[in-house]
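Asker: I'll drop the sequence and a predicted model, then ask my questions.
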Amino acid sequence: MLRNTKNNLRLITLKTRSVFTAYGRNKKGAFSFWFFLRFCFSQIGFRLFLKYILQAFSILFGFNLTFLKRLIDPNIQHLGIKLFPISYDTNKPLPPLSIIKVDEPLVSIIVAVYNNFGYTYNCIRAIIEHTSTDIKFEIIIINDCSTDNTLAYYSNIPNLNIVSNEKNLGFVLSCNKGAAISKGKYICFLNNDTIVQEGWLKPMLELIENDNRVGIVGSKLIFGDGDLQEAGGIVWQDGQTFHYGRRGSIKKKKYNYLREVDYCSGACLLISKSDFNILNGFDEIYTPGYYEDTDLCFSVKYKLNKKVVYQPASIVVHFEGVTSGTNFNTGMRKFQRINALKFKTKWEKELKSHFPNSFMNINETIVHYERPSRK
């Protein structure tokens, strides 16, 4: 029998609209159901389409379709992805976190935190365990008025710099606050719902240190189930963004080479502190969050005349939506639409040179950056 029919049909309708909005446009950006069907049976679309159908059946009928999901989900172990438990019993001793004291760090890793203790613990643990020992770094946690035991626990970890806001500032202001007190030559902004993988930081550093034309470096982001989340981002002419390779295979060659992109997600990006200061940090018009990372990338490209580069050798698992949720109409997520309009207005002139919003223009965007004139 159907479960909560009215609410579930509404949820499926919203998800369908979201998918169609992202993938149902022709080369000029106009909606076309034909192009949506073409997407469903090309590139990464077929597997994504199957996942969507399975999800719809699970919502409507409450079926446990784990055995079918395993047929289309990648094997985490075979991909070499390391994950940690999501939840911890805080009444029991946790594996201790040991951070080496560094007086002059090369990189300041800034993590803005609002609750979700387990995710934050995994994030810090992964940084410690998976960062090359020859890289000097500091970790700065900006506690944005968390109501769990974030402050009590992390205040007792030696060499971890934790700063608590007196009032909830949101992601943008918290990150700017962290950058202001950072000591590193470079700043790495990292979401607390991430698990960095072995050797994640070194390839980012090598890239930005050895090429003065590079202004920002972003990681390859993957979902917790092993699917690709983002191999660099595309910004369309209408100001909307597109996560290139979303739900694709992380092993595909087209997602695994160094290249310039429109933007990289703020879930994990690296920038020099000097460039960040020149640009006055994240633009506070995007407070509390969303589009501040895209805006920063555009500032690096169009104000500093530097490149934003996707580094596939840096792999980070990102549990999307943990802090902000997934409902575009409520909570933090509603600012995604609000700030999209601010972004479009601010960069109206520059956006005219971008391609119209359509998956049919994905390849044209990639090729655009690979032309000899762009080198």
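Answerer: Everything's here; your move.

Asker: Going by C-alpha atoms from here, please, whenever you check contacts or count neighbours.
Answerer: Fine.

Asker: which residues touch the residue minimising distance to the centre of the chain?
Answerer: Central residue of the chain (CA atoms, centre = their mean): A267, 3.6 Å from the mean position. Residues in contact with A267 (CA atoms under 8 Å, 6 or more residues apart in numbering) are F189, L190, N191, T194, H318.

Asker: Any chance of those in CSV with pLDDT, secondary structure and neighbour count as columns?
Answerer: Converted to CSV, the contacts of A267 look like this (pLDDT from 0 to 100; DSSP: H, G, I helix; E, B strand; the rest coil; neighbours: other CA atoms under 10 Å):
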residue, pLDDT, secondary structure, neighbour count
F189, 98, strand, 24
L190, 98, strand, 24
N191, 97, coil, 23
T194, 97, strand, 27
H318, 97, strand, 25
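
Asker: now, which of these sits nearest D262?
Answerer: In terms of CA to CA, no member of the contacts of A267 lies closer to D262 than F189, at 17.9 Å.

Asker: my guess is the closest one meets V107, correct?
Answerer: No - taking contacts as CA atoms under 8 Å, F189 lies outside contact range of V107: 10.3 Å.

Asker: For I187, grab phi and psi.
Answerer: With angles defined as degrees, to the nearest 10, I187 sits at phi -120, psi 130.

Asker: whoops, D293 was the one
Answerer: With angles defined as degrees, to the nearest 10, D293 sits at phi -70, psi -40.

Asker: Could you count how many residues lie near it?
Answerer: Counted by other CA atoms under 10 Å, the residues lying close to D293 total 22.

Asker: Same question for K251.
Answerer: Neighbourhood size, K251 [other CA under 10 Å]: 11.

Asker: pLDDT score assigned to it?
Answerer: We have a pLDDT of 91 for K251.

Asker: give me the low-pLDDT residue ranges for this structure?
Answerer: Applying pLDDT under 70 to the chain picks out residues 1-78, 90, 323-331, 371-375.

Asker: Quickly list the domain ranges of it.
Answerer: 5-73, 107-374 (automatic domain parsing).

Asker: can you redo those as CSV with distance to L94?
Answerer: Formatted as CSV, the domains of the chain follow (distance: least, CA to CA, whole Å):
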stretch, distance to L94
domain 5-73, 31
domain 107-374, 9
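
Asker: any idea which of those is most buried?
Answerer: Neighbour counts (mean count of other CA atoms under 10 Å) averaged over each of the domains of the chain peak at domain 107-374, with a mean of 19.

Asker: ok, so of the contacts of A267, who is nearest P356?
Answerer: Distances from P356 to the contacts of A267, taken by CA to CA, are shortest for H318, at 28.0 Å.

Asker: Tell me if I'm right that that closest one and L221 touch.
Answerer: Yes - under the criterion of CA under 8 Å, H318 makes contact with L221 at 6.2 Å.

Asker: anything in contact with each of those two?
Answerer: The contact sets of H318 and L221 overlap at Q229 (CA under 8 Å, 6+ apart).

Asker: Can you list phi and psi of I338 for me?
Answerer: Phi and psi for I338, reported as degrees, to the nearest 10, are phi -60, psi -50.

Asker: ok, it to L173 distance?
Answerer: For I338, the distance to L173 equals 17 Å [CA to CA, to the nearest Å].
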